[in-house]
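**Student:** here you go, sequence then predicted model.
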Amino acid sequence: MSKLKWSHTNAKFGVGCCGQLRVTGSMFFSGHSLDAMVESSAIFKGVEMNGGCLCGAVRYKSDAEPVYQLYCHCRDCQRVSGSASAPIIFFPSQGLSIEGEVTYYESKGSSGKSIYRGFCAKCGSHLFGRLERLPDLLSIRAGTLDDPAAFQPQLHIHASQAAPWEYIDPSLRSFPHDVPQR
């Protein structure tokens with residue numbers, strides 16, 4: 001088993017000083033198993049992913065590989081996106097640099113832990129997410145990428161809350177709620 005140690009800039013994201021991610025045949029985050037859900041991340045080795053908000057006041061870039069990519073169908077993601085689901089990419093938080101003013105809104109997720117959603121302070125574009133239960137990761141909304149074709153979804157979560165008219169790709173792993181506890 002190899003271990004990756006990630007450092008964090010407390011000022012930028014307010015996360016803990018250090019975290020560990022265990023990598024075996026599965027990836028584990030706070031007791032959640034993400035078996036075989038990172039297969040497509042290998043195609044991003046050395047690829048920088050850039051994006052930003054509608055007005056251009058906030059820009060971000062990540063030179064780190066995505067940890068995992070998914071569609072979230074929970075009611076909160078439906079409400080915040082104004083759509084049937086949210087296409088989300090998670091990155092190691094220290095691998096993502098952000099320029100511009102971001103305002104965060106805190107709500108409680110189904111786990112009972114806080115979710116901080118980041119918006120452009122000027123135009124209101126929803127850009128980022130930070131989950132208290134996954135403090136070493138920061139998510140971006142795939143639609144904010146300069147090249148949204150870089151989004152390679154691996155799974156669906158909260159599929160039990162999906163709108164009845166939404167198509168859920170049967171070739172992707174699907175969970176009725178969150179990723180199951182290990």
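**Tutor:** Now that the structure is in, tell me what you want to look at. Numbering: from 1, shown residues only.
**Student:** every contact and neighbour count from this point should use C-alpha atoms.
**Tutor:** Will do.
**Student:** tell me the pLDDT of residue 181.
**Tutor:** You'll see residue 181 listed with a pLDDT of 53.
**Student:** quick one, phi/psi of residue 130?
**Tutor:** When read as degrees, to the nearest 10, the backbone of residue 130 gives phi -130, psi 120.
**Student:** surely it is in contact with residue 140?
**Tutor:** No. Contact between residue 130 and residue 140 fails when scored by C-alpha atoms under 8 Å: they sit 9.1 Å apart.
**Student:** can you list the low-confidence ranges for the chain?
**Tutor:** Scanning the chain for pLDDT under 70 picks out 1-47, 180-182.
**Student:** would you map the helices across it?
**Tutor:** Applying DSSP state H to the chain gives helices spanning 10-13, 75-81.
**Student:** next one: residue 74 from residue 177, what distance?
**Tutor:** Look at residue 74 and residue 177: by C-alpha to C-alpha, to the nearest Å, they are 8 Å apart.
**Student:** spit out the residues that contact these two alike.
**Tutor:** Between them, residue 74 and residue 177 share these contacting residues under C-alpha atoms under 8 Å, 6 or more residues apart in numbering: 157-159.
**Student:** out of these, which are buried?
**Tutor:** 157-159 (16 or more other C-alpha atoms under 10 Å).
**Student:** distance across stretch 139-159, terminal residue to terminal residue?
**Tutor:** Using C-alpha to C-alpha, first and last residues of stretch 139-159 are 19 Å apart.
**Student:** give me the contact list for it.
**Tutor:** 37-38, 40, 49-53, 68-74, 86-91, 126-130, 168, 172-179.
**Student:** what's the answer for stretch 111-122, then?
**Tutor:** By C-alpha under 8 Å, 6+ apart, stretch 111-122 touches 53, 55, 57-58, 100-109, 125-133.
**Student:** what are the buried residues along stretch 67-84?
**Tutor:** 67-78, 84.
**Student:** out of the residues you listed, flag the one nearest to residue 96.
**Tutor:** Among the buried residues of stretch 67-84, residue 67 lies closest to residue 96 (C-alpha to C-alpha), at 12.2 Å.
**Student:** what about that closest one, distance to residue 172?
**Tutor:** From residue 67 over to residue 172 (counting by C-alpha to C-alpha), the distance is 16 Å.
**Student:** just residue 51 next, same as before
**Tutor:** To residue 172, residue 51 is 25 Å away according to C-alpha to C-alpha.
**Student:** give me the more crowded residue out of those two.
**Tutor:** Using other C-alpha atoms under 10 Å as the criterion, residue 51 and residue 172 rank with residue 51 on top: 22 against 14.
**Student:** the more buried one against residue 62, yeah?
**Tutor:** No. In this structure, residue 51 is not within contact of residue 62 by C-alpha under 8 Å, at 9.1 Å.
**Student:** which residues does residue 103 bridge with?
**Tutor:** For residue 103, the beta-bridge partners under DSSP bridges are residue 119.
**Student:** quick one: contacts for it?
**Tutor:** Going by C-alpha under 8 Å, 6+ apart, the list of residues near residue 103 reads 118-121.
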